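*Asks:* Based on what follows, work out the 3D shape:
(one chain, ligands or ions: 1)
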Amino acid sequence: MRQLLALLLAVAPVSAFAHETPAPFTAAPLAMGSSWYPEQWPETRWDADLTLMKRAHLNVVRIGEFAWARIEPKDDVFDFAWLDRAIAAAGRNGIRVVIGTPTAAPPIWLTEAHPDTLRVDADGSVARHGGRRHFSYASTTYRRYATRIAEQLARRYGRNANVVGWQIDNEIGVPSYDRDATARWAAWLTARYGVIDVLNRRWTTEYWSQTYTGFEQVPLTLAADQNPALVLDARRFASSVWADYIGEQARAIRRHADPRQFITTNSTLWNDNFDQYLVHSDLDIAAWDEYVPDGHPDWAANALHHSVVRSYKRRNFWIMETQPGRVDWGPINRSLDPGQTRELAWQAVAHGADAVLYWQWRSALNGQEQYHGTLVGPDGTPMPIFDEIARTAAELHVAAQYLVGTTPAPAEVALIYSQESRWSIEHERHSRDYDPVAVLKDWYRPFASAGIPVDVVAPDTDLSRYRLVMAPQMTVLDAATARRLELYVAAGGHLLLGPRSGMKDGDNALSLARQPGSLAALLGGRVDYYYPLDNEVGLSGLGIAGAARVWAETLEVQPGTTVLARYGAHSGWLSNKPAFVMRERGKGWIAYIGALLDGDGQMGIVRWASAKASLKPSMIPAQSDLEVVERRLGRRRYFVAINHGDRDISLALPAKLSFILGDISGSTLAAHGVALFANNSSNP
Ligand code: GLA
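*Replies:* The predicted model follows:
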């Protein structure tokens, strides 16, 4: 411990070099742990569980997130004694605690006394007790109870030395259409538009007699047959209600919590019920629940997932839940292969996770998740995955001495994730096959294969430090974002836009200029028309050969704008038309690719853009199935190499790297193996 403290002090002044705020909120430099539900077991069992956790080198548990009925058995009657003892027992065993506020599972007394707090779904059905998340996020009454229990917990444990952080609720997202929600919606619209005629004009309600005379008339709905402006606003509204819900609890906790305790929520990936950036504004760190339900990890997609979550706060994050082997909610629930649970944990850490917690420790004898993967069985003894997790935790404790305070190295490439554009496309895909999440993965994947780090960023991020900025589908392009992109290029930045960019304004209305809307002047070109495809169409140009798929736009250019690739001959409307164009602006440039591409085409674009933006090559040369990720603190640089494939890989290791730990023999990295290296000046 003393050694660790000395290490922390030694690195503290260097933290100013890190490009991102170093994460100050960690239980230990790297935490490994599990969800633990002491309320489900006799107290006489607790020490045996905690001893087993120690054997697995776990040092953190998350508790309490579904225990409202136990903590507050009657309205305003609190029983903390058992929780005091559980937290103390964990502490005695050297295990830190994250407390989950139990608001995802309100108790029956609350539901009975206030049935109006129940969630109402879009079809009018009312949620029932027993299935969790049976509350309305908009209910003023529910908010009162939820904030009260969060505050009571914080009063009790906000100064508890063994409590390192707070998780608000659990996997929020399901909206409600109850009376409080519709009242909030009318108020939200009033605040946004002031007078109803402004809404009518901006939404173009002179269409199917949608014209409204009062805000309370506007339906709260995400239905496919509704006005795109209404649906985008309904999404924004839900985001604001969730942000407010989280913010209320965060503020209640913060009133009593030691600043050393972090506040987060555990999010699910690609959850499009709300804008993650907004919801995270009142939180200290992001945390997410990483699951691979089919048991077949897609490493490049996983890398993107971590980058997406890291972008919420632009700092290290936690894996608050992940599967010990398998889940119980997929169609088949295949287990990860031996070694893959470890591989996933290392990958998460490489990308900036400061903690990995498994869900869950031991399954309750009843309850809805009896078949889920666990570390110990119903009999309380280790399951087959236990040893692999114990090995991983032991390794990460060693790695922690090196990785403490580090964050993923600054990337030269930014990928803009526009949640509003995703909503807009989802509402009107136009082609069934246009999947906006798949598009992000397709753009990211070739960078992962080429070993080029990419930061995912929100549209309002300061882009000045990136050599290449990609906006694969900036469909909703508001004036402020367009201006920021223009300034970025004017200052010498390199901007690559994908199809459908700039098609809509901030009201989800068609832009008066064709794509890329307000960036058309900067590009010196525009989209002539767009064509959904049911077959691939070849496209070729400067070093790029591939095929357009799903979506193709024909472009027209003015003098000064270069055509880099064209669609092939004999392809109907697309024949020989420009598909990829670029304009230099001083040291900067803007390019527009008007098609979704197959793998070859996408790789061609990446090669072109990397060369054109002069991106630095990776320290360990890329190879198929090899992932190398750097974590850095000032001049100290560490490299996690992961072989995601089934064959051994021979690494081309620069002499200045020294091996710390992992599955290396000579320079060979074993199949599904992991290794940690440091540059030579990095020893702690
Ligand atoms: C989610 C929930 C957990 C549990 C797991 C099972 O992530 O947060 O409570 O239900 O799924 O995979």
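
*Asks:* Tell me how far the longest strand along the chain lies from the chain's centre.
*Replies:* Longest strand in the chain by number of residues, with DSSP state E as the criterion: strand 544-557. Here strand 544-557 is found 29 Å from its chain centre; the criterion is CA atoms, centre = their mean, to the nearest Å.

*Asks:* That one: which residues count as buried?
*Replies:* For strand 544-557, burial by neighbour count (16 or more other CB atoms under 10 Å) applies to 544, 546-555, 557. Any C-beta I mention is one placed from the backbone N, CA and C, and that applies to glycine too.

*Asks:* Which residues are in contact with residue 508?
*Replies:* 228-229, 231-232, 420, 424, 427, 476 (CB atoms under 8 Å, 6 or more residues apart in numbering).

*Asks:* Among the residues you listed, name the ones in helices.
*Replies:* Among the contacts of residue 508, DSSP state H puts 228-229, 231-232, 420, 424, 427 in helices.

*Asks:* about what we covered before: from the buried residues of strand 544-557, which one has the minimum pLDDT?
*Replies:* The member of the buried residues of strand 544-557 with the lowest pLDDT is residue 544, at 86.

*Asks:* Excluding chain neighbours, give the residue nearest to that one in space.
*Replies:* Leaving aside its chain neighbours, residue 544 sits nearest to residue 604 (3.5 Å; criterion: CB to CB, 6 or more residues apart in numbering).

*Asks:* per-residue pLDDT, the one you found?
*Replies:* pLDDT at residue 604 comes out at 95.

*Asks:* Run through the residues of the stretch 151-300 of the chain sitting next to the ligand.
*Replies:* With CB under 6 Å from any ligand atom as the criterion, the stretch 151-300 of the chain comes near the ligand at residues 170-171, 289, 291.

*Asks:* Can you tell me the SS state at the residue of the chain found nearest the ligand?
*Replies:* Residue of the chain nearest the ligand, by CB to the nearest ligand atom: residue 289 (4.2 Å). Here residue 289 is recorded as strand under DSSP: H, G, I helix; E, B strand; the rest coil.

*Asks:* which is the next helix or strand following the helix or strand that contains residue 630?
*Replies:* If you go by DSSP states H and E, residue 630 is part of strand 626-633. Next in sequence after strand 626-633, counting helices and strands by DSSP H and E, comes strand 636-643.

*Asks:* Output the contacting helices and strands for that following strand.
*Replies:* Of the remaining helices and strands, those touching strand 636-643 by 3 or more CB pairs under 8 Å, 6 or more residues apart in numbering; DSSP states H and E are helix 340-350, helix 386-403, strand 626-633, strand 657-662, strand 674-679.

*Asks:* Distance to the ligand and mean pLDDT added to these, as JSON lines?
*Replies:* Formatted as JSON lines, those follow (distance: least, CB to the nearest ligand atom, whole Å; pLDDT from 0 to 100):
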{"stretch": "helix 340-350", "distance to the ligand": "14", "mean pLDDT": "98"}
{"stretch": "helix 386-403", "distance to the ligand": "16", "mean pLDDT": "97"}
{"stretch": "strand 626-633", "distance to the ligand": "25", "mean pLDDT": "97"}
{"stretch": "strand 657-662", "distance to the ligand": "29", "mean pLDDT": "96"}
{"stretch": "strand 674-679", "distance to the ligand": "24", "mean pLDDT": "96"}
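
*Asks:* Switch these over to TSV; also include mean neighbour count and distance to residue 130.
*Replies:* Shown next, in TSV, are the helices and strands packed on strand 636-643 (neighbours: other CB atoms under 10 Å; distance: least, CB to CB, whole Å):
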stretch	mean neighbour count	distance to residue 130
helix 340-350	24	31
helix 386-403	20	31
strand 626-633	22	42
strand 657-662	16	46
strand 674-679	23	42
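
*Asks:* quick one: terminal-to-terminal distance for stretch 588-600?
*Replies:* By CA to CA, to the nearest Å, the extent of stretch 588-600 from end to end equals 26 Å.

*Asks:* To clarify, my last question referred to stretch 209-218.
*Replies:* End-to-end distance for stretch 209-218: 12 Å, by CA to CA.

*Asks:* got any ranges where the stretch 51-200 of the chain has weak pLDDT?
*Replies:* Across the stretch 51-200 of the chain, not a single residue meets the criterion (pLDDT under 70).

*Asks:* Please, where are all the helices along it?
*Replies:* Per DSSP state H, counting those that start in this stretch, the stretch 51-200 of the chain carries helices over the ranges 68-71, 81-92, 108-113, 140-157, 179-193, 196-203.

*Asks:* Which of the ones you listed sits closest to residue 668?
*Replies:* Closest approach to residue 668 among the helices of the stretch 51-200 of the chain (CB to CB): helix 81-92, 40.9 Å.

*Asks:* So what touches that closest one?
*Replies:* Residues contacting helix 81-92 (CB under 8 Å, 6+ apart): 36, 38-39, 43, 46-47, 50, 61, 63-64, 67, 70-71, 96-97, 156-157, 160-163.

*Asks:* thinking again about what came up before, name the member of the contacts of residue 508 with the most neighbours.
*Replies:* residue 476 (29 neighbours; other CB atoms under 10 Å).

*Asks:* Looking at strand pairing, list the partners for it.
*Replies:* For residue 476, the beta-bridge partners are residue 504 (DSSP bridges).

*Asks:* Relative to residue 420, how far out is it?
*Replies:* The gap separating residue 476 from residue 420 is 4 Å, by CB to CB, to the nearest Å.

*Asks:* Pull up the overlap in contacts between these two.
*Replies:* In contact with both residue 476 and residue 420: 232, 508, using CB under 8 Å, 6+ apart.

*Asks:* quick one: residue 613 and residue 469 touch, right?
*Replies:* No: under the criterion of CB atoms under 8 Å, residue 613 makes no contact with residue 469, lying 9.3 Å away.

*Asks:* Show me the common contact partners of those two, please.
*Replies:* 413, 494.

*Asks:* out of the two, which sits in the busier spot?
*Replies:* Per other CB under 10 Å, whichever of residue 613 and residue 469 has more neighbours is residue 469, with 25 against 19.

*Asks:* quick one: that one is in a helix?
*Replies:* No: per three-state DSSP, residue 469 lies outside any helix segment and is strand.

*Asks:* just the strands in the stretch 151-300 of the chain please.
*Replies:* All strands of the stretch 151-300 of the chain, identified by DSSP state E, counting those that start in this stretch, fall at 163-167, 262-264, 266-267, 287-290.

*Asks:* any chance of these in TSV, with mean neighbour count too?
*Replies:* Output for these, formatted as TSV (neighbours: other CB atoms under 10 Å):
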stretch	mean neighbour count
strand 163-167	25
strand 262-264	23
strand 266-267	25
strand 287-290	24
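
*Asks:* Format those strands as CSV; extra columns: distance to residue 321.
*Replies:* Formatted as CSV, those follow (distance: least, CB to CB, whole Å):
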stretch, distance to residue 321
strand 163-167, 10
strand 262-264, 12
strand 266-267, 6
strand 287-290, 4
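
*Asks:* just to revisit the earlier point, which members of the contacts of helix 81-92 are classed as buried?
*Replies:* Neighbour-count burial (16+ other CB under 10 Å) applied to the contacts of helix 81-92 gives 36, 38-39, 46, 50, 61, 63-64, 67, 70-71, 96-97, 156-157, 160, 162-163.

*Asks:* So which residues on the protein come close to the ligand?
*Replies:* Within the chain, the positions lying close to the ligand (CB under 6 Å from any ligand atom) are 170-171, 289, 291, 321, 327, 329, 359, 369, 372.

*Asks:* Now list the buried members of these.
*Replies:* 170-171, 289, 291, 321, 327, 359, 372.

*Asks:* returning to that earlier point: list the contacts of the residue nearest to residue 544.
*Replies:* Contacts for residue 604 (CB under 8 Å, 6+ apart) come out as 543-546, 597.

*Asks:* give me the number of residues near residue 194?
*Replies:* Neighbour tally, residue 194, other CB under 10 Å: 11.

*Asks:* Tell me who's in contact with it.
*Replies:* No contacts exist for residue 194 under CB under 8 Å, 6+ apart.

*Asks:* Repeat that for residue 453.
*Replies:* 408-409, 411-413, 447, 618, 629-630.
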